[in-house]
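A.B. asks: turn this into a model:
(one chain, ligands or ions: 1)
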Amino acid sequence: MTMIDSEDSPDKPIFFFDIDNCLYSTDLGIDQLIKARIYEFGKEAGLDSTTVIDTCSSYYKDYGLTVRGFINHHGIDVAAFNKKVDGDLPLESVIKPDLALRNMILSIKTRRWAFTNAGIDHARRVLKCLQVDDLFEGITYCDYAEPNFPCKPERRAYEKAMKESGAKDVQVCYFADDSVANVKEAKAFGWMAVLVSKEKPRDSTSTDLHIKTIHELPLVLPQLFI
Ligand SMILES: [Mg+2]
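C.D. replies: Numbers count the residues shown, from 1 in each chain. Prediction:
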């Protein structure tokens, strides 16, 4: 990850982009591919095959990430999880280069930072598939091997993203994510939050702005674009 000298540009606006299901469409079905692998991993870790789906979703709800439930309750080998779940995904054949996305991101006047709950290898791989991997100053990611690692929507994950990027003031921070919980916490933290989702949020107060695809970003925040 590129770290910048925080004294250089602490007040310059910065845009934090989620990666999965935000920079590419949920229609690609990556989520389903990931879930199938997580369930398979769960079964191999000893979860009952009839309740594995419910157990995984309760881990996701309780811990923000299913892998954290696996770590806390089953003491799994994180490297094996990464290999089985992320490493095995056929991303290169599913996620294609997105020139419109690239041009949109390039025309933002703010600093650009990726902020994901995925591991670093997966994050880099997705950005490369989309051909936008050279457009971000850095990536704040989850290191599943680190005990009690922070992940969205925990407040400390947002604080970590600011620390790593050198952003000093929540008021210069912008954020796009497909998760209502994640944008809700970003908004509560003081960032300008954009929900990227086909459906409108049930609670309109959970986000500042809503767009259906990330490509629509200039429509809701024209002041950030050249
Ligand atoms: Mg996402």
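
A.B. asks: helix or strand right after the lengthiest helix in the chain?
C.D. replies: For the chain, the longest helix by residue count, based on DSSP state H, is helix 30-44. Counting by DSSP states H and E, the next helix or strand C-terminal to helix 30-44 is helix 52-63.

A.B. asks: now the angle from the longest helix of the chain to helix 52-63?
C.D. replies: Put simply, helix 30-44 runs at 110 degrees to helix 52-63, going by axes from the mean of the first three to the mean of the last three CA atoms, to 10 degrees.

A.B. asks: residues from this structure in reach of the ion?
C.D. replies: 18, 20-22, 178 (CB under 5 Å from the ion). Bear in mind the C-beta positions are built from the backbone N, C-alpha and C, glycine included.

A.B. asks: and stretch 100-112, how far from the chain's centre?
C.D. replies: Distance of stretch 100-112 from the chain centroid (CA atoms, centre = their mean, to the nearest Å) equals 17 Å.

A.B. asks: span of it from start to end?
C.D. replies: Start to finish, the residues bounding stretch 100-112 are 16 Å apart (CA to CA, to the nearest Å).

A.B. asks: again with stretch 210-226
C.D. replies: Rule used - CA to CA; the end-to-end distance of stretch 210-226 is 21 Å.

A.B. asks: how about it: buried residues?
C.D. replies: 210-211, 213-215, 217, 221, 224 (16 or more other CB atoms under 10 Å).

A.B. asks: quick one: contacts of it?
C.D. replies: Contacts with stretch 210-226, where a contact means CB atoms under 8 Å, 6 or more residues apart in numbering, come from 13, 15, 17, 22-23, 25, 100-101, 104, 107-110, 174, 176, 192, 194-198, 200-201, 209.

A.B. asks: any weak-confidence spans in the chain?
C.D. replies: Applying pLDDT under 70 to the chain picks out residues 1-10.

A.B. asks: centre-most residue in it?
C.D. replies: residue 116 (2.9 Å; CA atoms, centre = their mean).

A.B. asks: could you give the number of residues near residue 57?
C.D. replies: 13 (other CB atoms under 10 Å).

A.B. asks: number of nearby residues for the nearest residue in space to it that is not next to it in sequence?
C.D. replies: Distances taken as CB to CB, 6 or more residues apart in numbering place residue 66 nearest to residue 57, at 8.0 Å, with adjacent residues excluded. Residues contacting residue 66 under the criterion other CB under 10 Å number 24.

A.B. asks: what residues does residue 66 make contact with?
C.D. replies: Contacts of residue 66 (CB under 8 Å, 6+ apart): 38, 42, 56-57, 59-60.

A.B. asks: between those residues, which is closest to residue 74?
C.D. replies: residue 42 (8.2 Å; CB to CB).

A.B. asks: now that closest one: how far from residue 153?
C.D. replies: In this view, residue 42 and residue 153 are 23 Å apart by CB to CB, to the nearest Å.
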